[in-house]
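Peer 1: Build me a model:
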Amino acid sequence: MIAREGWSRIIIFAMLAFGVQMFAGTVWALPLWLLLLLVIQFFRDPDREIPQQPGAIVSPAHGRVIAIENVADPYIERRALKISIFMNIFSVHSNRTPVEGVVVKKWYEKGRFFNASLDKASQLNERSAVHFRTRDGWDVTSVQIAGLVARRILCYLKNGQEVERGERYGFIRFGSRVDLYLPEDTYVVAQLGRWVLSGTDIIGFLPVSDY
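Peer 2: From the prediction side, this is the model:
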């Protein structure tokens, strides 16, 4: 399955490769065919099997867990447990809602484009944040953060919108990261340095859940 954000680019690269193949031959067209394959793999968007355990928090991104720490949530002014997931160019870049509930508020902030694996990216890079409130009243903040070569963050949610866990809600083009701010006493199952799949892998359970 290909993300809808990628079809226009795939068509353009396919036309370029085909045109060069027709008029200049295979040797000249080969780099464009290889580039087309890279574009297709970047915009892949496979279906996900969403876990249904009560209170489960699923990964909003496909990538490597680079931080698990107690911090201040800069969006709703509380102490929180922060889990950061770094996506490289080979990750699936569509983002999914970590919990079910309602969108309380959205933020968008312009910023820099430092390497998204650096700690300072959370505060200085371009980013889009969403505050979710679950049906049990727990607050979860998910922040899409642009990276070194990322130049576009897409978020399709609206204030007041109800969402289900694992719903596709946005996309970040090229290397980037997602920060999650969770209740401090969240039971974390994600491990530092391990890879997680968006929507499929559980990274933790909300405090009142049976785990």
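Peer 1: for the helix or strand of the chain with the lowest mean pLDDT, packing partners?
Peer 2: Here the helix or strand of the chain ranked lowest by mean pLDDT, DSSP states H and E is helix 121-124, holding a mean of 70. Helices and strands touching helix 121-124, by 3 or more CB pairs under 8 Å, 6 or more residues apart in numbering; DSSP states H and E, are strand 139-146. In short, each C-beta sits where N, CA and C put it, glycine included.
Peer 1: Now do the helix or strand following the strand it packs on: which elements does it pack against?
Peer 2: Heading C-terminal from strand 139-146, the first helix or strand you meet, by DSSP states H and E, is strand 153-155. Counting contacts by 3+ CB pairs under 8 Å, 6+ apart, strand 153-155 packs against strand 101-109, strand 127-133, strand 139-146, strand 168-172.
Peer 1: mind running it again at 6 Å?
Peer 2: With contacts defined as 3 or more CB pairs under 6 Å, 6 or more residues apart in numbering; DSSP states H and E, the packing partners of strand 153-155 are strand 168-172.
Peer 1: Kindly calculate the angle that the helix or strand just after the strand it packs on makes with strand 127-133.
Peer 2: The helix or strand immediately downstream of strand 168-172 is strand 176-182, counting by DSSP H and E. Using axes from the mean of the first three to the mean of the last three CA atoms, to 10 degrees, the inter-axis angle of strand 176-182 relative to strand 127-133 is 30 degrees.
Peer 1: about what we covered before: and the least confident helix or strand of the chain, C-alpha only, in PDB?
Peer 2: Taking C-alpha atoms only, helix 121-124 is exported to PDB below (Å, rounded to 0.1, in the frame of the first residue of the first chain):
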ATOM      1  CA  ALA A 121      15.300  18.900  18.000                       C
ATOM      2  CA  SER A 122      12.400  18.600  20.500                       C
ATOM      3  CA  GLN A 123      12.600  22.300  21.300                       C
ATOM      4  CA  LEU A 124      14.100  23.900  18.200                       C
END
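Peer 1: Could you give the separation of that helix from the chain centroid?
Peer 2: The chain centre lies 16 Å from the centre of helix 121-124; the measure is CA atoms, centre = their mean, to the nearest Å.
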